[in-house]
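Participant: sequence first, then the predicted structure, then my questions.
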Amino acid sequence: MLSKSQISLLNSLQHKKFRREHGLFIVEGYKSIIEFAHSGYHVNTIYHTTDATPKLLNLSQKINYQEITLTELQKISALKTPADALATINIPQQTDVDPQRLKNKFSLVLDGVQDPGNMGTIIRTADWFGFTDIICSEDTVDVYNPKVVQATMGSLARVNVRYVNLVEFIKALKMPVLGTLLNGENIYTTQLGHEGLLVLGNEGNGIRPDIQTLITKAVTIPRVGKAESLNVAVAAAVCCSQLVAKTYK
């Protein structure tokens, strides 16, 4: 049985302040929990219903397990229809980005992306196309927001996300910087190179001016129809696909 203090703690992890205070974030659903259990993340505790017990038998015995009722699960879940398990995962200590890690490949840079669904979808998309690193501005939505984690569908376990001062980071890195701008070159026909950063901007305001000055090549996804703009997560998918496609030519 969950105590009131446990319920209070788990509910508090919906908020960034308390995630940072306790060093924990929440993952819901057996499949996503498995992804984290088989990664470099440390799974702290898995709260699960009786139905989920057989699925968890092959996981590490170092994990804490607590069987709870469906009613209790509903009290701690952020989902309208809770899955059969919920886990708390230790937030890893953020380390500096190793510039050598970013050489000879492309990495994504998010400048002020705010919507949790967009953030989670971008991480999942990056994982699909083999992008292992995402660098975020300090005002980008928290990657451990439950809605972000849920939208990644477990891909967060494989994609490294770091928060930095983007201006200082890009200046120090000294790599090609592709920026998604309306007046950029056609991403399907321009030469993109073999390494660099791809910058995607805020949903409403795009890439901020001080980042735009650091862009070495502006690219755009040509508009054929009459839509005013593309969703940033959709734009990320198109750009990732094109960057990966270049490696097959």
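Facilitator: Done, it's in. Residues are numbered from 1 along each chain as shown.
Participant: tell me which stretches of this protein form strands.
Facilitator: 24-28, 43-48, 64-67, 85-90, 106-111, 133-137, 160-164, 177-186, 196-201, 217-220 (DSSP state E).
Participant: centre of the chain to the second one, how far?
Facilitator: It stands for strand 43-48. Chain-centre distance of strand 43-48: 21 Å, with CA atoms, centre = their mean, to the nearest Å.
Participant: swap in the longest one?
Facilitator: For strand 177-186, the distance between its averaged C-alpha position and the chain's averaged C-alpha position is 23 Å (CA atoms, centre = their mean).
Participant: so what does that strand touch, helix or strand wise?
Facilitator: Applying 3 or more CB pairs under 8 Å, 6 or more residues apart in numbering; DSSP states H and E, we find strand 177-186 packed against strand 196-201, helix 209-212, strand 217-220. Heads up, the C-betas are built off the backbone N, CA and C, glycines and all.
Participant: neighbours of the residue nearest to residue 124 when sequence neighbours are not counted, just the number please.
Facilitator: Spatial nearest neighbour of residue 124, excluding adjacent residues (CB to CB, 6 or more residues apart in numbering): residue 155 at 4.4 Å. Residue 155: 20 surrounding residues under other CB atoms under 10 Å.
Participant: quick one: residue 155 and residue 127 touch, right?
Facilitator: Yes. Residue 155 is in contact with residue 127 according to CB atoms under 8 Å; the separation is 3.6 Å.
Participant: report pLDDT for residue 246.
Facilitator: Turning to residue 246, the model gives it a pLDDT of 69.
Participant: do the same with residue 119
Facilitator: 98.
Participant: okay, now it: neighbour count?
Facilitator: 28.
Participant: does it touch residue 143 like I think?
Facilitator: Yes. The pair residue 119 / residue 143 is scored as a contact, 6.8 Å apart, by CB under 8 Å.
Participant: can you pull the contacts of residue 243?
Facilitator: 106, 129, 192, 198 (CB atoms under 8 Å, 6 or more residues apart in numbering).
Participant: one step back: and the helices and strands packed on strand 177-186, which is most packed in?
Facilitator: strand 196-201 (a mean of 24; mean count of other CB atoms under 10 Å).
Participant: CA atoms only for that one, dumped as PDB, please.
Facilitator: Extracted C-alpha coordinates of strand 196-201, given in PDB (Å, rounded to 0.1, in the frame of the first residue of the first chain):
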ATOM      1  CA  GLY A 196      27.600  20.200 -37.900                       C
ATOM      2  CA  LEU A 197      24.700  21.500 -35.900                       C
ATOM      3  CA  LEU A 198      21.100  21.800 -37.100                       C
ATOM      4  CA  VAL A 199      19.300  24.500 -35.200                       C
ATOM      5  CA  LEU A 200      15.500  24.400 -34.800                       C
ATOM      6  CA  GLY A 201      13.800  27.400 -33.200                       C
END
